[in-house]
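K.L.:
pasting the sequence and the predicted coordinates here, then a few questions.
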Amino acid sequence: MQDTRTSSVLSSLVAAMLSGRIRVIDLTQTLTPEFPQIALPPEMGQCWPFRIEEVSAYDERGPGWYWNNFSCGEHTGTHFDAPIHWISGRDLPNNAVDTIPAKHFVAPACVIDCAAQSTANPDYLLTVADIEAFEAQHGRIPAGAWVLMRTDWSKRQDPEAYQNFDETGQHTPGPSAEAAQFLVEQRGVLGFGSEAIGTDAGQGYHLRPPYPCHYYMHGAGRYGLQCLCNLDQLPPTGAVLICPPLKIQKGSGSPLRVLALVESAA
Amino acid sequence: MTMPLMRPKRKNPVLRTRQMNLPPGARGRVALNLTAAAAEGRFELQVCQDCAAVQYPPREACHRCLSARLQWRAQSGEGTLLGITTLHHSNDPFFRERLPWRLGLVQLDAGPSLIVHLHGEVGDAPTPVRVGARLDRAGQAVLIGFPKQGTEHMADDKMLREMSCDPKFRKVLVTDGKTAVGQAIVQALVKAGADIVWVGHAEPWKKLPGFDDLARLPQVTMVPLDLSNARSVTELAGEIGGKVDIVINNAEVHRAHGIASRRGTDVAKAEMDINYFGLLRLAQEFGPALKGRSADGEIGATAWVNLLSVYALSNYPSHGTFSASKAAAHSLAQCLRAEMRPAGIRVVNVFPGPIDDEWNQNLPPPKVAPATLASAIVKALRDGIEDVYPGDVAQEWLERWRENPKVLERELAAGGG
């Protein structure tokens, strides 16, 4: 049997992590009851926000231990969207979190920086031109990669500013219908990730089709990640995401921990 | 003439907070009917169905003809004050702390003579008076001699304030300021002279009409409060629990569904989570501090108000899951009342008929206007009433429910509102 202690790819990875050449960046928002949840018109079914209640804390309810019960929806906090989440992906094979091939949960990521545009315009829509400009600088987006839209939206700590509602609804950035379609059909991406509450823009319901990112991505068996943070710490290309959702039977998504492996320039 | 209550000085923080000593609270089974009527703001006495004698104190049989056919009937309370006694000494701890205390002997026009607590505006005997029944700090009915013609500030009478829960100068928490009802309650409290109104504010990113106007009132402070979030309730109780004198829990979720009209249990759970568990969370966190301050000066902690629904009495099938959650809340409110009673905190349950809001849009009138509901709540606090049924629908349902709950159930099942 071959000695793998020094020569294998994995052991090189471990060594690089130990030496600090490869760093692990957490792209996950903390699950708290205060973190906002997606809001639909009140007569519709609602996604549960994160709620937590103490079971015991070294007290009369359990003298030696501390633990909590929590509840939330599949789409609460930083979470993963499976194709079955959308009606366009309802009949695809392996479209739920328990049947998606596990290898898809580790994949490279391209980060398109739209922070300046989103700061200037909360309704900013990522365009095909933005993608082409990114590729002109950093190379073609490879098939099977995540595309993450960096907006710095996650820096809005105040839930009111994060949600950014007015009487016409929510105003948060996302992809245009053309960009979502382009990423799926022309680039074969694995999925799309965003910093705001959804992969689609706050006004995405008014695009054609409504919620185009959900429609195109999930219709083609691709995935979504939302409520990401720390995207400003990622390089435009070269990061590897580790993002396995909970294995919920026929689950449409799940809150998850999203980690990025990033290699230092040195 | 009663002098208006002046704003009391701030409390001296080096002195021990005074604890509540309740007035004598034991009553026999028959006498509790007096309390039951007073809880709704009525003065009732037993009237013999055979000889028409009106009697007091309550007994098992008619004092004149020994008939057992006695009915409790509302009384006007008109009568004559025969004599006055002013207590300067009492062995009872409650009265000992509140001396001097005036008592009077009244002969009612209806017959019986009775001992009453005397309002300060009632002059020397003999003089005409009106007797009313009020709940005291022990939650039991007591009789009060009122002047025939009261003056403007008669509610500020020292003795009467021991029976009431007037919001004047008090600090109040209203748990939801985003609904029309919540906003009307806040406005009514400000008008009634409340010192501070803390207004709960869940999901701050949701912009709802009227909220910004409310926030501009100088008495109003918006506070984050979401009754579905245990931690939010705990945190707010930690911050302001020791200052709140009146809790008004108006937060509710209301959807118009029965069992078959909506798949799943998510809506019913949301209703139960706010309407029932929300009250439980609030009571666990705010109850203890409220109880500890129930004798804290002239404007100490005094009351807890629950916005229930007349559907709590009998299920209204087209709003079936909402009715069930309000029935659960009603049951818990009874538990809260029992637990608050030793401290002298009054629990006021409000059972409105359909409110004129977006969730009752399809119901025909009459519907209770938010402002009407708000004044009913303030009136109940001032008059020391425990159970309130605002609106024509609530009054009518209550009457039908008292007459025969089974008949009402059948009528509601057949679609009769």
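P.N.:
Received, thanks. Computed from a predicted structure; not experimentally measured.
K.L.:
how many other residues sit next to B:Asn349?
P.N.:
23 (other CB atoms under 10 Å in any protein chain shown). Quick note: C-beta positions are derived from backbone N, CA and C, even for glycine.
K.L.:
got a list of what B:Ala61 touches?
P.N.:
B:Ser67, B:Ala68, B:Leu70 (CB atoms under 8 Å, 6 or more residues apart in numbering or on different chains).
K.L.:
mind running it again at 6 Å?
P.N.:
B:Ala68 (CB atoms under 6 Å, 6 or more residues apart in numbering or on different chains).
K.L.:
which residues touch the closest residue in space to A:His85 that isn't next to it in sequence?
P.N.:
Nearest non-adjacent residue to A:His85, counting by CB to CB, 6 or more residues apart in numbering or on different chains: A:Ser252, 4.1 Å away. Shown in contact with A:Ser252 (CB under 6 Å, 6+ apart): A:Glu74, A:Ala82, A:Ile84, A:His85.
K.L.:
try A:Tyr124
P.N.:
Per CB under 6 Å, 6+ apart, neighbours of A:Tyr124: A:Gln117, A:Ser118, A:Pro173.
K.L.:
any idea how far it lies from chain B?
P.N.:
19 Å (CB to the nearest CB, to the nearest Å).
K.L.:
and B:Val129, what element?
P.N.:
Using DSSP states H and E, B:Val129 falls within strand B:127-135.
K.L.:
neighbouring contacts of that strand?
P.N.:
In contact with strand B:127-135 (CB under 6 Å, 6+ apart) are residues B:38, B:43, B:77-81, B:106, B:116, B:122, B:141, B:143-146, B:148, B:163, B:384.
K.L.:
buried sites along it?
P.N.:
The neighbour-count check on strand B:127-135 (16 or more other CB atoms under 10 Å in any protein chain shown) flags B:Val129, B:Arg130, B:Val131, B:Gly132, B:Ala133, B:Arg134, B:Leu135 as buried.
K.L.:
can you check stretch B:191-206 too?
P.N.:
Result for stretch B:191-206 [16+ other CB under 10 Å]: buried residues B:192, B:194-205.
K.L.:
quick one: is that stretch near chain A?
P.N.:
Yes - interface with chain A: stretch B:191-206 contributes B:Pro204, B:Trp205 (CB under 6 Å from any CB of the partner chain).
K.L.:
any idea how far stretch A:185-192 is from the middle of the chain?
P.N.:
From the chain centre to the centre of stretch A:185-192 is a distance of 14 Å (CA atoms, centre = their mean, to the nearest Å).
K.L.:
and it, end to end?
P.N.:
Terminal residues of stretch A:185-192 are spaced 13 Å apart (CA to CA, to the nearest Å).
K.L.:
which residue is nearest the middle of chain A?
P.N.:
Among the residues of chain A, the one closest to the centroid is A:Leu225, at 1.9 Å (CA atoms, centre = their mean).
K.L.:
and chain B, what are its domain boundaries?
P.N.:
Domain assignment of chain B by automatic domain parsing yields the ranges B:32-161, B:171-413.
K.L.:
what is the neighbour count of the closest residue to chain B within the stretch 151-266 of chain A?
P.N.:
Across the stretch 151-266 of chain A, the shortest distance to chain B (CB to the nearest CB) belongs to A:Gln163, at 3.4 Å. A:Gln163 has 23 neighbouring residues, counting by other CB under 10 Å.
K.L.:
for B:Gly79, same thing?
P.N.:
22.
K.L.:
pretty sure it is touching B:Gly104, no?
P.N.:
No - if you go by CB atoms under 6 Å, B:Gly79 and B:Gly104 don't touch, sitting 10.1 Å apart.
K.L.:
what's the spacing between the residue nearest to A:His85 and A:Cys47?
P.N.:
10 Å (CB to CB, to the nearest Å).
K.L.:
where in the chain is pLDDT low?
P.N.:
In the absence of a named chain, chain A is used. Across chain A, the ranges flagged by pLDDT under 70 are A:1-6, A:266.
K.L.:
switch to chain B, please.
P.N.:
B:417.
K.L.:
got the residues of it near chain A?
P.N.:
B:Pro204, B:Trp205, B:Lys207, B:Asn229, B:Ala230, B:Arg231, B:Asp266.
K.L.:
dump the residue contacts of B:Gly200.
P.N.:
Contacts of B:Gly200 by CB under 6 Å, 6+ apart are B:Thr175, B:Asp176, B:Leu225.
K.L.:
with secondary structure and neighbour count added, can I get those in TSV?
P.N.:
Converted to TSV, these look like this (DSSP: H, G, I helix; E, B strand; the rest coil; neighbours: other CB atoms under 10 Å in any protein chain shown):
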residue	secondary structure	neighbour count
B:Thr175	coil	30
B:Asp176	coil	24
B:Leu225	coil	25
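K.L.:
ok, so of the residues you listed, who is nearest chain A?
P.N.:
Looking across the contacts of B:Gly200 and measuring by CB to the nearest CB, the closest to chain A is B:Leu225, at 11.9 Å.
K.L.:
could you pull out the helices for the stretch 151-266 of chain A?
P.N.:
A:159-163, A:177-185, A:212-219 (DSSP state H, counting those that start in this stretch).
K.L.:
for the longest one, packing partners?
P.N.:
Yep, that's helix A:177-185 we're talking about. Applying 3 or more CB pairs under 6 Å, 6 or more residues apart in numbering or on different chains; DSSP states H and E, one finds that helix A:177-185 makes contact with helix A:128-138, helix A:212-219.
K.L.:
looking at those helices, spot the one closest to A:Trp146.
P.N.:
Ranking the helices and strands packed on helix A:177-185 by proximity to A:Trp146 (CB to CB) places helix A:212-219 first, at 10.9 Å.
K.L.:
tell me the angle of that closest one relative to helix A:177-185?
P.N.:
Orientation of helix A:212-219 against helix A:177-185 (axes from the mean of the first three to the mean of the last three CA atoms, to 10 degrees) gives an angle of 20 degrees.
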